[in-house]
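Asker: give me a model of this one.
(2 chains)
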Amino acid sequence: MRRSSYIPSAPLRAGIIGIALLPALSIAAPAVQRFPPPEFESGYELPSPTTPQPRQDIYEYIDAAVLLATLGVGAYLVLRKRSRPVIFALAVFSLLYFGFWRKGCVCSVGAIQNIILSIFDRSYAVPIVVLAFFLLPLIFTLFFGRIFCAGVCPLGAIQDLVLVQPVRVPNWLESALRLFAYVYLGAAILFAATGSAFIICRYDPFVSFFRLSGNWNILTLGGSVLLVSVFVGRPYCRFVCPYGVILRQLSRISKWNVTITPALSGYGSAFRRDESGVEGPDECVRCRLCEDSCPFGAIREPTADWTGRDYSIGKKRLVLLMVLLPVLTLSVGWAGSRLKNVTARMHATVRLAERVYLEDAGKVEGTTNASLAFRATGRQPAQLYAEASNIRARFELGGWFFGGFVGLVAGLKLIGLSRRVTRTDYEADRASCLACGRCFEYCPRERVRRKRVEN
Amino acid sequence: MMAENKAPQVGISRRHFLRDSLWGTCLAGLGALTGFVVSKRRKTNTLWQIDPYTCIACGNCATYCVLDKSAVKCTHAFSVCGYCRICFGFFGPEPVDITEGAENQVCPTGAIKRRFVEDPYYEYTIDESLCNGCGKCVKGCNTFGNGSLFLQVRHDRCLNCNECSIAAACPSGAYKRVPAETPYLLKRAGHA
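Answerer: Purely as a prediction, here's the structure:
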């Protein structure tokens, strides 16, 4: 090291001492012009910072247009053309466009959170395209059933792509697991409404594949879900997807929906017979060939009549469950509200308040970046504690709704399981059917329609 | 397009009427939701951006971005810069010599380029292809300099995730949603 021609100047010595104190001064103070602005004599011109522009607006609108187009094509393919290979091709297109090209964001599933945030936070407004992503699939579902799930959603498409050896999930397990999707929806709404987090985005298992990057945690999550999807048909769609919860309810009352036979479905099997009760040429003949064709467990079989004894037991059980419903709703709602201290920690302000409190009370050593940053702002901890209390109160009220929602859904499900359903044909369950079209070719009526078989 | 089913109806049953009403109510509900959301009048998308006056240059921007190379880069507000020979954003603590040797620099990737302009002024520019958004230079500049170096989300790189992972991890809450028309929050001369 050459020292002879180098004399540490005063500013440098000061700088060295100062930088040695850096850890203690680790908070960036607001910009203070410590050194005066230079006066250039050589005609030097100050450059400006570069500001590369984001993706142009027009491309956002094109995304919405593509969404509309794929929904329209999907409705036609599922209800009119009824061809599984073409539905699959549409799903692959959607996977490539909305998944890998657009990196899976913004998506209809996550858009729920944006809508909720805009309702509860006055300072946030949903961009029009995000609203379109939320709304268009819902409207199409109200008319045509879950065609969004079949051919448009990239999350569903990637699971459908890897489904090789579907394993049947027993009905009781299916119902129990599906409750998780309702819990997930409730939690997503709670955390979005309080401005804490977008958990649907945070725990999206497939987005790391769409972006082709991610840390080990999210890649492992995605890989595990895909591995399960090889054997269990579309587990995310059936047991996790919060948007699917909404689509289920709308699909129940849709104007048209998937039918296994080629007859167009109005409102159920009784609607398809004429006055004398004679079946039309496209109706179900209960040949049972479609029974095992659905990898998602969405086909419902014709029911046997109840005996008198069944009926009286069933009535008593139904009355019991109807009494249980408000009990369940209120008790789980109460439990949700009691969890406010835990759920509130999802919010950064609450976490910060707890940390600052622990530091001030001497219960924890050292500081975090967040607590240091807070103290550097000069705000009083008391104000922070008040904010955190406010947020906890919101979580208490929100917890009542969240818990109540979960309790209500569980109670309604139990009631639904005890209902007597009269079904004479093989039908696709309106809520559960993902409109994939796999069952069509199993039906002999469909084969007649396709002119593969003589009538 | 799609014809209603041709089977003759014997009047509309109560169940079908109720179902129809529920259907109509859902459609109307979606319409009302649309009206409410649209009334807030946001036409364009929002983007994520760092408020440079709130940022504490903690280093999370380099590690929490979902991209392998973070979309956050250091930006230089030349109008605020003092053009010092000994720049505290360029030189690390106890530099061996006041030269552009890598051992003297605070930047771990050598992304800051130092160029002599005229005595005693030196120009410092950021090579974005090398910058990783760690903020070490920002910390030095803010603590001992004019604070002309600051971190910004670069929108030619940022994916604009619905929930920004860096925003969730930012200890000082410096991440904000900005309208797409004003994608940057730059430091300017004359700001306190």
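Asker: show me the shaky parts of the chain.
Answerer: With no chain named, the answer covers chain A. Within chain A, the ranges that satisfy pLDDT under 70 run A:1-32, A:264-282, A:454-455.
Asker: hm, I was asking about chain B
Answerer: B:1-12, B:41-43, B:191-192.
Asker: which stretches of it form helices?
Answerer: Taking DSSP state H to define them, one finds helices in chain B at B:14-39, B:60-64, B:136-144, B:165-169.
Asker: hang on, isn't B:Pro171 packed against B:Asn60?
Answerer: Yes - with contacts counted by CB atoms under 8 Å, B:Pro171 reaches B:Asn60, the gap being 7.2 Å. The way it works is simple: take the backbone N, C-alpha and C, and place the C-beta from them, glycine included.
Asker: which one's more surrounded, these two?
Answerer: The residue with more neighbours, out of B:Pro171 and B:Asn60, is B:Asn60; 23 against 18, by other CB atoms under 10 Å in any protein chain shown.
Asker: excluding its backbone neighbours, what's nearest that one?
Answerer: Distances taken as CB to CB, 6 or more residues apart in numbering or on different chains put B:Ala169 closest to B:Asn60, at 4.9 Å, once the chain neighbours are dropped.
Asker: same question, A:Arg338
Answerer: Closest residue to A:Arg338 apart from its sequence neighbours, by CB to CB, 6+ apart: A:Gly399 at 7.2 Å.
Asker: buried residues, whichever strand or helix holds the one you found. List them.
Answerer: In the assignment (DSSP states H and E), A:Gly399 maps to helix A:381-417. Neighbour counts using 16 or more other CB atoms under 10 Å in any protein chain shown place A:381, A:384-385, A:387-388, A:391-392, A:394-396, A:398-411, A:413-415 of helix A:381-417 among the buried residues.
Asker: please report phi then psi for A:Ala428.
Answerer: phi -80, psi 130 (degrees, to the nearest 10).
Asker: is it bridged to anything, and to what?
Answerer: Bridge pairing for A:Ala428 (DSSP bridges) gives the partners A:Ile299.
Asker: now it: how far from A:Thr303?
Answerer: In this structure, A:Ala428 and A:Thr303 are 15 Å apart, going by CB to CB, to the nearest Å.
Asker: neighbour count: these two, which is higher?
Answerer: Taking other CB under 10 Å, A:Ala428 and A:Thr303 do not tie; A:Ala428 has more neighbours (23 against 11).
Asker: give the contact list for A:Val406.
Answerer: For A:Val406, the contact set (CB atoms under 8 Å, 6 or more residues apart in numbering or on different chains) comprises A:179, A:182-183, A:186, A:332, A:336.
Asker: just A:Tyr44 next, same as before
Answerer: Counted by CB under 8 Å, 6+ apart, A:Tyr44 has contacts B:117-118, B:121, B:123.
Asker: do B:Val138 as well
Answerer: Per CB under 8 Å, 6+ apart, neighbours of B:Val138: A:28, B:55, B:57, B:74, B:89, B:149-151.
Asker: how about A:Val130?
Answerer: Contacts of A:Val130 by CB under 8 Å, 6+ apart are A:106, A:111, A:114, B:45.
Asker: sorry, back to before: please identify the most buried of the helices of chain B.
Answerer: helix B:136-144 (a mean of 26; mean count of other CB atoms under 10 Å in any protein chain shown).
Asker: for that helix, the distance to its chain's centre please.
Answerer: Here helix B:136-144 shows a centroid-to-chain-centroid distance of 19 Å under the convention CA atoms, centre = their mean, to the nearest Å.
Asker: and for stretch B:146-166?
Answerer: Per CA atoms, centre = their mean, the centroid offset for stretch B:146-166 relative to its chain is 3 Å.
Asker: who touches stretch B:117-127?
Answerer: A:38, A:40-42, A:44, A:47, B:73-76, B:78, B:81, B:83-85, B:87, B:89-90, B:111-116, B:149.
Asker: go again with 6 Å.
Answerer: A:38, A:42, A:44, B:74, B:76, B:83, B:85, B:87, B:90, B:111-116 (CB atoms under 6 Å, 6 or more residues apart in numbering or on different chains).
Asker: of the residues you listed - the most surrounded one?
Answerer: B:Cys87 (28 neighbours).
Asker: that one and chain A: what is the separation?
Answerer: 10 Å (CB to the nearest CB, to the nearest Å).
Asker: which of the contacts of B:Val138 sits closest to A:Leu219?
Answerer: Proximity of those to A:Leu219 (CB to CB) peaks at B:Leu151, which lies at 26.5 Å.
Asker: so who does that closest one touch?
Answerer: B:50, B:55, B:61, B:72, B:74, B:135, B:138.
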